[in-house]
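1. need a 3D model of the sequence below.
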Amino acid sequence: MLDLGLLVYAALLLLAIWRKVFDYWCCGLWLSILNYMSLLYLLLASALAYLLVGFYQVVQLPEILNPSDSSQVAEVQALWSVRWLRGFVLFAPIAATMTVILGWLQTDSHVFEIHKKFAMVKHDRAVQIVALPGVYGVMALASMMPVIELSTGRITSDMLRSPWYDKNSPFFTQSIGAPDTGSSKGANELVTWKDAKLLAFWRYETCLYVADLFEAWALFQFSKLVLEQVREAIACQDKEQANEVDPSQRLVEKDLQDSHSAVTSLTWVGTSLFVCCCVAQSAASLWPYLGGTRTDQELLMQHLSVAGFVASCAAIYNLVVVEQAFHRHLSHLNPLMKFLTVKFLVSICFLQKTVVEGLEYANNLMPETMKSVVRHVPFVGDIVHLTELQQHLFYPSLVMYECFILAILHLFVWKANETWYKTTRPTLDLNYTENDPLLLCKPYYDEELAPAKSTASTRSEQT
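-> This is a model prediction of the structure:
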């Protein structure tokens, strides 16, 4: 199986460069299919098609077990011991497919507005948020593939040596711990069950780290969008009160602008650090391809995981502060559902998995009597008693269903025809304030408000 974690990571970096250079136009020509969002969905569709074929092909193959390895036999035979888990896992790729389709259709409506050069920056930020469930769902499916391969006993050391390992190699004919026929001349060394689990779980984590990277970027775009809307509301309010002659009122408005500037700069720092942590995590997860040892990688990933958890909490906290401090200026944005949908998927990144692991840890500390009681609680009892292999199938499947629900919510929350998309500068450059705090760059309304501000300041001086 191809290492889609590495391939999608490289593709996202290339798309980021493409967005920076061309966005939706090249030399004045509209990039209908070659704009970066269309290319992103073509990438997701190609990866999804590859994963669907591979997934349903592998699950139909017979298990190849090594009778001498009791741990492998026990884990594989107990894989579907939870009655509802098999159906839950098998239908999850369908949910991921529907998520990509819904996201693509909704993105087209926003891109159509961008083509008209109407509120380009707002629609551009919106489409990146809308794409988040699709990207996360596809990467969750990609993370599940090596675990499915592991459960059928078809993993060789080629998974570590090259990201291009695919089913055209002896992947479908060799088993973990089986005798080597020598036909591959040592290129496909077979591994023990313990080593195979390390290889599969490593690729599993790589895919989720790449998904977290796009999640951090979407959070960054959402924070920029929200703070830009607050700035517009403040600028409009300032314009309406331009003839105000009361110096104290003007001073209050200036203090509000300064407060917004400070909050914007702090939020930019928090979300940017979150993005940087996720970029470092994704890159570090590819360390074994560069010849690094698993021990060094695990030590590095532990530090980055802690840093990512802190950065994600700080980023979410920044958004909560912005939502509470400027809720009056965001009332036209329908902020409640927009903030909830963004914070919901961000919680998947570091919080949801921590909760599940905490429940399992708490269950292990319980006396046997309490464990037997918990075991009989529907679903919860099964979840806290899942084996390691079952957990690595359950979690990405759960994420795929959650992404599908979120994609449905986005249809109602991120409509392309909402009134707040109206802007006084529809031809604003898409690269505006992308790399700097919002108010350290040229503001939106300077040209429009200059006459009004000068009139108000003259009157204030006369008074």
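2. what residues sit buried inside stretch 47-56?
-> Applying a neighbour-count criterion of 16 or more other Cβ atoms under 10 Å, one finds 47, 48, 50, 51, 54, 55 buried in stretch 47-56. C-betas here are computed from N, CA, C, even on glycine.
3. can I get the residues you listed in TSV including distance to residue 274 and pLDDT?
-> Output for the buried residues of stretch 47-56, formatted as TSV (distance: Cβ to Cβ, whole Å; pLDDT from 0 to 100):
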residue	distance to residue 274	pLDDT
47	24	93
48	27	94
50	30	92
51	27	93
54	32	88
55	31	90
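4. check what pLDDT the closest residue to residue 305 other than its chain neighbours gets.
-> Closest residue to residue 305 apart from its sequence neighbours, by Cβ to Cβ, 6 or more residues apart in numbering: residue 281 at 7.3 Å. Reported pLDDT at residue 281 in the predicted model: 82.
5. go on, residue 334?
-> pLDDT recorded at residue 334 is 79.
6. what are the phi and psi values at it?
-> Backbone torsions of residue 334, given as degrees, to the nearest 10, read phi 50, psi 60.
7. about what we covered before: which of the residues in the helix or strand containing the residue nearest to residue 305 are buried?
-> Assigned by DSSP states H and E, residue 281 belongs to helix 247-284. Neighbour-count burial for helix 247-284, counted by 16+ other Cβ under 10 Å, picks out 250, 253, 256-257, 260-261, 263-265, 267-268, 270-275, 277-282, 284.
8. now do the SS call for residue 33.
-> coil (DSSP: H, G, I helix; E, B strand; the rest coil).
9. before we move on, the earlier item: and the gap between the residue nearest to residue 305 and residue 311?
-> From residue 281 across to residue 311, the span is 10 Å (Cβ to Cβ, to the nearest Å).
10. same deal with residue 226?
-> Taking Cβ to Cβ, one finds residue 226 at 18 Å from residue 311.
11. and residue 277, by the same measure?
-> Residue 277 is 5 Å from residue 311, by Cβ to Cβ.
12. which elements pack onto the helix or strand that contains residue 390?
-> Residue 390 is part of helix 388-413 when elements are defined by DSSP H and E. Judged by 3 or more Cβ pairs under 8 Å, 6 or more residues apart in numbering; DSSP states H and E, helix 388-413 is in contact with helix 70-77, helix 85-90, helix 92-115, helix 132-151, helix 193-240, helix 335-347, helix 353-365.
13. looking at those, spot the one closest to residue 411.
-> Of all these, helix 92-115 sits nearest to residue 411, with 6.1 Å by Cβ to Cβ.
14. C-terminal to the closest one, what's the next element?
-> Going down the chain from helix 92-115, the next helix or strand is helix 120-130, by DSSP H and E.
15. elements contacting that next one?
-> Helix 120-130 is packed against helix 92-115, helix 193-240, with contacts defined by 3+ Cβ pairs under 8 Å, 6+ apart.
16. as CSV, the ones you listed with mean pLDDT, mean neighbour count and distance to residue 386 would be great.
-> Below are these laid out as CSV (pLDDT from 0 to 100; neighbours: other Cβ atoms under 10 Å; distance: least, Cβ to Cβ, whole Å):
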stretch, mean pLDDT, mean neighbour count, distance to residue 386
helix 92-115, 93, 20, 15
helix 193-240, 82, 22, 15
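17. distance to residue 85 added to those helices, as TSV?
-> As requested, these are arranged in TSV below (distance: least, Cβ to Cβ, whole Å):
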stretch	distance to residue 85
helix 92-115	11
helix 193-240	17
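18. and those: which comes nearest residue 392?
-> Proximity to residue 392 (Cβ to Cβ) singles out helix 193-240 among these, at 5.7 Å.
19. quick one: low-confidence parts of this protein?
-> 1, 64-71, 154-191, 237-253, 255, 290-294, 348-350, 423-463 (pLDDT under 70).
20. what do you get if the cut-off is 50, keeping everything else the same?
-> 167-190, 424-433, 438-463 (pLDDT under 50).
21. just want the most central residue of it.
-> For the chain, residue 215 is the residue whose C-alpha lies nearest the centre (Cα atoms, centre = their mean; 2.6 Å).
22. look up how far residue 95 lies from residue 86.
-> Distance, residue 86 to residue 95, using Cβ to Cβ: 15 Å.
23. quick one: contacts for residue 344?
-> Residue 344 is in contact with 402, 406, counting by Cβ atoms under 8 Å, 6 or more residues apart in numbering.
24. circling back to that earlier point, indicate which one of the helices and strands packed on helix 120-130 is closest to residue 145.
-> In terms of Cβ to Cβ, the element of the helices and strands packed on helix 120-130 nearest to residue 145 is helix 193-240, at 8.0 Å.
25. would you confirm that residue 272 contacts residue 217?
-> No. Counting by Cβ atoms under 8 Å, residue 272 does not reach residue 217; the two are 10.4 Å apart.
26. between these two, what contacts are shared?
-> With Cβ under 8 Å, 6+ apart, residue 272 and residue 217 have no common neighbours.
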